[in-house]
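Enquirer: Sequence and predicted structure below; questions after.
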Amino acid sequence: MTRVIALEEGLEDIGEYLRKKGYTTVLWGNSHVAADAVVYKSRKLDDINTAIFNRAVAPLLDETGNENSYGVLLVNAQDMTPEEVYEIIKSRVYERFI
């Protein structure tokens, strides 16, 4: 299964690394494809535009509109290498916080 990662503008190095690892990347906010993870860097979580986030999440809802999704992983890439972001996405866990 191909995983889709939505990236905030300016994270091209991370996007290139993820594509080499087999992920599909899209620019966050400019795609109507369901994303498995959203990688951001320059925004505070409270400042993330909910309309953009909702567009990324909406395709994950089932046909009745119920929230029967697998969820979207939010990854703050601040001070992280592409390899660290990849490991978080792959494991779906912020290991260093556990």
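Expert: Received the coordinates, thanks.
Enquirer: now what about stretch 75-90, what contacts it?
Expert: Residues outside stretch 75-90 that contact it (CB atoms under 8 Å, 6 or more residues apart in numbering): 3, 5, 11, 13-14, 16-18, 21, 23, 36-42, 45, 73, 94-95. Every residue, glycine included, has its C-beta placed from N, CA and C.
Enquirer: what's the weakest-modelled helix or strand in the chain?
Expert: None of the helices or strands of the chain scores lower by mean pLDDT, DSSP states H and E than helix 50-57, at a mean of 53.
Enquirer: Tell me the buried residues in the helix or strand just after that one?
Expert: Later in the chain than helix 50-57, the nearest helix or strand by DSSP states H and E is strand 73-76. Within strand 73-76, the residues that qualify as buried are L73, V75, N76, counting by 16 or more other CB atoms under 10 Å.
Enquirer: what do you get for stretch 5-21?
Expert: Going by neighbour count (16+ other CB under 10 Å), the buried part of stretch 5-21 is I5, A6, L7, E8, L11, I14, G15, Y17, L18.
Enquirer: One more: stretch 84-94?
Expert: Within stretch 84-94, the residues that count as buried by 16+ other CB under 10 Å are E84, V85, Y86, I88, I89.
Enquirer: neighbouring contacts of the host helix or strand of R19?
Expert: Element membership for R19, per DSSP H and E: helix 12-20. Identification of contacts with helix 12-20 by CB under 8 Å, 6+ apart yields I5, L7, T25, V39, A77, P82, E83, V85, Y86, I89.
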